[in-house]
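Participant: here is my input; please provide its structure:
(one chain, ligands or ions: 3)
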Amino acid sequence: MSPVEENVSLTDGMHLLVKALKLNGIDKIYGVVGIPVTDLAREAQKQGIRYIGFRHEQSAGNAAAITGFLTKKPGICLTVSAPGFLNGLISLANATVNGFPMIQISGSSDRSIIDLQQGDYEELDQMNIAKPFAKASYRINKPEDIAIGVARTIRAAVSGKPGGVYLDVTANLLQTAIDKIAAEKTLFSPEDPAPSFIPSRDSIQKALSLLSKAKKPLIILGKGAAYAQTDENIKTFIEKTGIPFLPMSMAKGLLPDDHIQSAAAARSFVLKNADTVILLGARLNWLLSHGKGSHWNPNVKFIQLDIDPKEIDSNHFIAGPIVGDIASSMNSLLEELPNYSFNFDSNWNSSIEDIKKTNEVKMNEKLNLSSNPLNYYNALKVVKEVLDAHRDIYLVNEGANTLDDTRNVVNMYYPRRRLDCGTWGVMGIGMGFAIGAAVTSGKPVLAIEGDSAFGFSGMEISTICEYNLPVTIVVFNNGGIYRGDGLNLSGGSDPSPTTLMETARYDKLIEAFGGVPYNVSTGEELKKAIVAGITSLKPTLINCIIDPKAGTESGHITSLNPKHLSDK
Ligand code: OXT
Ligand code: ADP
Ligand code: MG
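Facilitator: Ligands and ions are numbered 1, 2, ... in the order given. Predicted structure coming up:
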C-alpha cells in the first residue's frame, strides 16, 4: 500500500486521475507501462478499469482509436515518456486524420529540466511535439486541475469533428499529494461533451431544392456517416428517394452491400455520370480524386453534409453545404423531404444496374478461375462465403492487393464492421484494430492481412493470446510488398526492395503463445481454418500461401506510384 493510500486524508494525482477517468465513463485503457505510469495502470485496474497491456504503443493507440470509432466515446492509450510517447504518436496522428476520438495519455519527465534541456530521464517536450498531430494537446501540472484537464480532453476528442487528443501527465503531477476530500470535490463529468450541431433550415432547403433539379443523383457514404450511428435515418432517406449510393471503404455495410441501390460495383460509371452528388460524411480527398479530373462529370454539383465547415469547398465548389452533425442533418432532411418532388432520369438506376451486372460477371469469372498456388480472388472467394454466413463479424483489413481485393470481394452487411487502413492507407493498424474491436464488441474478429502489413503489428499476437481474444488472422503470404517476385536490379544476391520471405511460416509465430496455427494452400483448407477460428473463438493464425506473382504494384493505386523516366 502506498503512503498516500494509508493516509486517509490525502490522495495524489495518480489516484485522482483514475477517479476522474472512471467518473467520465472510461472503462478500458490500452497501453504499455513503465516510468512514470506503471502505478497509474495498476491503480486503474484496481479501480475496475480494464487495462490491456500491449507490446508496442502504436498498436495500443490503434486499439484506442478504433474503440473511439465504434463507440463514439474516446478510446484511451497510455504511454511512457519520450520513446513510448513517440511510438504512440503515429496512432494519435492517424486517429486525428481519420476523425476517430482517441486520447493518448502519456507520462512525462520534469518540466523544469525539460525546459532547460538539462537531460532528464526520457526528456522530451511532448505536449508541444504532439500539437501538429492532434486535435488538441494539453498538460496537467497540478492535481487541482485534473478534473478540468480530463473534461477538456474528453470534450476535445468527441465534440465537433472527432480526433486524437494528447494529455501530458508529468511524473510530478502523479505523485503530488493533495487533500482527498477537497480534491474529490473538484471532480465532474462534462455536460453534453458532444453536443448536437443542428444545420440551418436554409441549408437543408437549398440542398433539397438542388436535388429536385437532379437527373442522375448519387449519394457517397463516408466513415463520418458510419460514425454518426444514425443508420436507420440514412437507410430511410436512401430508400425513400431511391438514389443510388456508393460506400467508401469503412462505410461499407451502412446499408448492406447486396442492397439493390448499391453502386459499389459501378464506381467509375456513377462518378463519371452523376450530375448531383451528396457527400454524406465523406471528404473530397485523394480517395475521390479530389472531386475533379477525368473521373468526374465536369458539371457535377455537390451537396456536402459535414460537421466540419472547413471541409466545405476544400477541393471543389460545394453548391449545397449542410454543416451539422449527420444525425441532426438527416433528421432535418427527412422532415423537409415531403415538401419536395424529384424527377430523376428513369434510366439512371437501370443503367447502373447494367454496369453492375457486367462488373459482377467479370468478378465472378475471377473468383471462379481457380489457380495453384491460390491467387487473391481464389482465397477471397472463400472469405466471402464464410462472411456471408457469419454477417455480424468484424473484418479488419490491411495490405495493398490484400486490402483492395478484399474490399471489393467481401460483402459487408452491418454498419461499422469493416475496419481498415483509412485515409492515410497506413500499414500497422491490423492487430491494434483487431484487439480494439474484440475488446469493445466481445464478438469475433477476422483480420485479413498482407504479409507485409502483418509485420507492422504482428507481435501483438502475444496480446491477443494473453487476453484470449476471439481474433482470427489470415496472412496472405505472397512473399512480398505487392508481389513476391521482385528483382534486385543490381543483379546482387540481396532480396529486391519488395521481397519478403515467401517460405515464412507466420502460423508458427502464434504457436509460441498458445494460439491455434494453420498453414493452408487450398480454398477448402482456408475455409475450414477460418470457420474453426471464428467459431472456436480461439486466437488463430492462418498462413495462407498466395502466388508470389498474383499481385499488382501498389494494389489498385498503381497510378499514384512515381516512375523514373526510363520506365515511362
Ligand atoms: O469503376 P470500375 O468499373 O472499374 O469498377 C470498380 C468497382 O466498381 C468494381 N467493384 C466490383 N465489381 C464487381 N463486384 C463487386 N463486388 C465490386 N466491388 C467493386 O471494381 C472496380 C475497382 O474498384 P475500386 O478498387 O473500389 O476502385 P478504384 O477505382 O481502384 O478505387 C480507388 C480507391 C482509391 C478508392 C481505392 O483503390 C481505395 O480505396 N484504395 C485504398 C488504397 C490504399 O489505401 N492502399 C494502402 C496503401 S498502399 C501502400 O503504400 C503500401 N505500403 C507502403 C506503406 C504504408 N502504406 N504504410 C506504412 C506505415 N509504411 C509503408 C506497404 C508497405 S501497401 C504496403 C504493404 C503491401 O504488401 P502486403 O503484403 O501487405 O499486401 P499485398 O499487396 O497483398 O502483398
Ligand atoms: P471516408 O474516408 O469514408 O470518405 P472521411 O474520413 O474522408 O471519410 O470523411 C469523414 C467526414 O465526416 C469528415 O470530414 C468529418 O468531419 C465528417 N464527420 C465525422 N463525424 C461526423 C458527424 N457525426 N456528423 C457530420 N460529419 C461528421
Ligand atoms: Mg504481400
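
Participant: now G75. Its backbone dihedrals?
Facilitator: phi -80, psi 140 (degrees, to the nearest 10).

Participant: state the distance from it to M248.
Facilitator: 21 Å (Cβ to Cβ, to the nearest Å). For every residue, glycine as well, the C-beta is placed using N, CA and C.

Participant: leaving out chain neighbours, which residue sits closest to the residue in the chain that ligand 2 sits nearest to?
Facilitator: Using Cβ to the nearest ligand atom, the closest approach of the chain to ligand 2 is made by G224 at 1.9 Å. Nearest non-adjacent residue to G224, counting by Cβ to Cβ, 6 or more residues apart in numbering: G281, 2.4 Å away.

Participant: where does that neighbour land on pLDDT?
Facilitator: With respect to pLDDT, G281 has a value of 98.

Participant: what does R505 give?
Facilitator: On the pLDDT scale, R505 gets 98.

Participant: so what's it closest to, chain neighbours aside?
Facilitator: N543 is the one closest to R505 (Cβ to Cβ, 6+ apart), at 5.8 Å.

Participant: state whether that neighbour is indeed within a strand.
Facilitator: Yes: under DSSP: H, G, I helix; E, B strand; the rest coil, N543 sits within a strand.

Participant: confidence score at it?
Facilitator: Looking at N543, the pLDDT reads 98.

Participant: ok, now which ones touch it?
Facilitator: Taking Cβ atoms under 8 Å, 6 or more residues apart in numbering, we find N543 in contact with 475, 477, 504-507, 517-520.

Participant: show me what it is bridged to.
Facilitator: N543 has these beta-bridge partners by DSSP bridges: V475, N519.

Participant: count the neighbours of the residue of the stretch 351-500 of the chain found nearest ligand 1 for me.
Facilitator: Evaluated by Cβ to the nearest ligand atom, the stretch 351-500 of the chain has G450 as its residue closest to ligand 1, separated by 2.0 Å. G450: 30 surrounding residues under other Cβ atoms under 10 Å.

Participant: got it, and G491?
Facilitator: Counted with other Cβ under 10 Å, the neighbours of G491 add up to 6.

Participant: are we agreed that it is in a helix?
Facilitator: No: G491: not assigned to a helix; according to three-state DSSP it is coil.

Participant: residues in the stretch 201-350 of the chain within reach of ligand 1, list them.
Facilitator: 249, 264-268, 287 (Cβ under 6 Å from any ligand atom).

Participant: tabulate the contacts of N543 in a markdown table, adding columns for distance to L255 and neighbour count.
Facilitator: Output for these, formatted as a markdown table (distance: Cβ to Cβ, whole Å; neighbours: other Cβ atoms under 10 Å):
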| residue | distance to L255 | neighbour count |
| --- | --- | --- |
| V475 | 31 | 29 |
| N477 | 34 | 30 |
| A504 | 39 | 15 |
| R505 | 40 | 15 |
| Y506 | 35 | 23 |
| D507 | 36 | 22 |
| P517 | 37 | 17 |
| Y518 | 34 | 20 |
| N519 | 38 | 16 |
| V520 | 33 | 22 |
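
Participant: ligand 3: which of those is nearest?
Facilitator: Nearest to ligand 3 among the contacts of N543: N477, at 7.1 Å, using Cβ to the ion.

Participant: state the distance from the closest one to N543.
Facilitator: Computed as Cβ to Cβ, the N477 to N543 distance reads 6 Å.

Participant: can you pull the residues that touch both of the two?
Facilitator: Joint contacts of N477 and N543 (Cβ under 8 Å, 6+ apart) are 504, 506.

Participant: on that earlier part again, if the residue of the stretch 351-500 of the chain closest to ligand 1 is in a bridge, with which residues?
Facilitator: Beta-bridge partners of G450, as defined by DSSP bridges: F476.

Participant: just checking, it touches V474?
Facilitator: No: if you go by Cβ atoms under 8 Å, G450 and V474 don't touch, sitting 10.2 Å apart.

Participant: tell me the bridge partners for Y138.
Facilitator: Taking DSSP bridges as the rule, Y138 bridges to L167.

Participant: burial count for it?
Facilitator: That count, for Y138 with other Cβ under 10 Å as the rule, works out to 20.

Participant: neighbouring contacts of stretch 312-323?
Facilitator: In contact with stretch 312-323 (Cβ under 8 Å, 6+ apart) are residues 197, 199-200, 203-204, 206-207, 210-211, 283-285, 290-292, 301-309, 329, 333.

Participant: okay, the contacts of N543 in a markdown table with distance to K185 next?
Facilitator: Below are these laid out as a markdown table (distance: Cβ to Cβ, whole Å):
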| residue | distance to K185 |
| --- | --- |
| V475 | 53 |
| N477 | 58 |
| A504 | 58 |
| R505 | 59 |
| Y506 | 54 |
| D507 | 55 |
| P517 | 54 |
| Y518 | 56 |
| N519 | 60 |
| V520 | 60 |
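
Participant: which residue packs closest to the residue in the stretch 251-400 of the chain that ligand 3 sits nearest to, ignoring adjacent ones?
Facilitator: With Cβ to the ion, the shortest gap between the stretch 251-400 of the chain and ligand 3 falls at G399, namely 6.1 Å. Nearest in space to G399, with sequence neighbours left out and distances taken as Cβ to Cβ, 6+ apart, is G450 at 2.4 Å.

Participant: tell me who's in contact with that neighbour.
Facilitator: Contacts of G450 by Cβ under 8 Å, 6+ apart are 398-403, 427, 475-476, 478, 481.

Participant: send the alpha carbons of stretch 405-425 over as PDB?
Facilitator: C-alpha atoms of stretch 405-425 as PDB (Å, rounded to 0.1, in the frame of the first residue of the first chain):
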ATOM      1  CA  ASP A 405      -9.300  -7.000 -53.400                       C
ATOM      2  CA  THR A 406     -10.900  -7.900 -50.000                       C
ATOM      3  CA  ARG A 407     -12.800  -4.600 -50.000                       C
ATOM      4  CA  ASN A 408     -14.300  -5.400 -53.400                       C
ATOM      5  CA  VAL A 409     -15.000  -9.100 -53.000                       C
ATOM      6  CA  VAL A 410     -16.200  -9.400 -49.400                       C
ATOM      7  CA  ASN A 411     -19.700  -8.000 -48.800                       C
ATOM      8  CA  MET A 412     -20.400  -6.200 -45.500                       C
ATOM      9  CA  TYR A 413     -24.000  -6.400 -44.100                       C
ATOM     10  CA  TYR A 414     -23.800  -4.300 -40.900                       C
ATOM     11  CA  PRO A 415     -22.500  -0.800 -40.200                       C
ATOM     12  CA  ARG A 416     -19.000  -0.300 -38.700                       C
ATOM     13  CA  ARG A 417     -17.900  -3.800 -39.300                       C
ATOM     14  CA  ARG A 418     -15.200  -3.100 -41.800                       C
ATOM     15  CA  LEU A 419     -12.100  -1.500 -40.200                       C
ATOM     16  CA  ASP A 420      -9.100  -0.700 -42.400                       C
ATOM     17  CA  CYS A 421      -6.100   1.500 -43.300                       C
ATOM     18  CA  GLY A 422      -8.400   4.500 -43.800                       C
ATOM     19  CA  THR A 423      -7.500   8.000 -45.000                       C
ATOM     20  CA  TRP A 424      -3.700   7.500 -44.900                       C
ATOM     21  CA  GLY A 425      -3.600   4.000 -46.300                       C
END
